[in-house]
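Asks: Got a predicted model here, sequence first, then my questions.
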Amino acid sequence: MRWLRLLLLFLVLPLAACALNGKPSTYLVAVKGPYALDTGDVVRVSVYGEAELSRSYRVDDGGALALPLIGSVPVRGKTTQMAAAEITAALAAGYIREPSVAVEIETYRPFYIQGAVKTGGQFPYVYGMTVRAAISTAGGFSDTADRTRAIVYRRQGKEMVKGIVGLDFPIYPGDTLVVSERWL
């Protein structure tokens, strides 16, 4: 009788572990990590004591900021703190003694939505946005939309990843959402 319980335990335990993993197999989109700058972001650079340098700059197609005195500073894939350190180092190399630089995001790059929504296209990103909020921004679902999930395409490093996600999944600037049609 004891061996029967052990056998049952060894057969049921792996199945119980599978029941706890609710993640779909196509769920590859990372949801954590610091925000990385990329093309289209607008940042506010503040250099203490230097009003001519303190203003808004857009990250260009090459992933860089073009600042007076120091020229192009690559910031793609970097956090705002890393970008501030890069600018500080460049300014300290012969232009300003002991510069104090702060970088903050002024405007996020847009997100894109297509598929079974009323108005697809490019929309401004708002911090903390979810798939549900993005669909609302696009005018809501079309009559034939799958109202339970969406596909998110997100650049992670140098590759584009795809994930099938629920409506409360957080989206980030630069994401592309696709709302599929439901099959009756």
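Replies: The structure has been received and is ready for your questions. Numbering: from 1, shown residues only.

Asks: all helices of the chain, in order?
Replies: Along the chain, counting by DSSP state H, helices occupy 2-20, 80-92, 131-137.

Asks: The ones you listed: lowest mean pLDDT?
Replies: Lowest mean pLDDT within those: helix 2-20, at a mean of 48.

Asks: which stretches of this structure aren't confidently modelled?
Replies: Within the chain, the stretches with pLDDT under 70 are 1-32, 184.

Asks: can you give me the strands in it?
Replies: Listed in chain order, the strands of the chain (DSSP state E) span 42-47, 55-58, 64-67, 71-74, 101-107, 111-115, 121-123, 149-156, 159-166, 176-179.

Asks: Out of the ones you listed, which is closest to Ala92?
Replies: Between Ala92 and these, the tightest spacing by CB to CB is seen for strand 101-107, at 9.5 Å. C-beta here means a position set from N, CA and C on the backbone, and glycine is covered the same way.

Asks: Which strands or helices does the closest one pack on?
Replies: Judged by 3 or more CB pairs under 8 Å, 6 or more residues apart in numbering; DSSP states H and E, the packing partners of strand 101-107 are strand 42-47, helix 80-92.

Asks: Now tabulate those in CSV and tack on mean neighbour count.
Replies: Below are the helices and strands packed on strand 101-107 laid out as CSV (neighbours: other CB atoms under 10 Å):
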stretch, mean neighbour count
strand 42-47, 18
helix 80-92, 18
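
Asks: Turn those into TSV, columns for distance to Leu53.
Replies: Converted to TSV, the helices and strands packed on strand 101-107 look like this (distance: least, CB to CB, whole Å):
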stretch	distance to Leu53
strand 42-47	4
helix 80-92	8
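
Asks: closest to Tyr57 out of those?
Replies: Across those, Tyr57 has its closest neighbour in strand 42-47 (5.8 Å, CB to CB).
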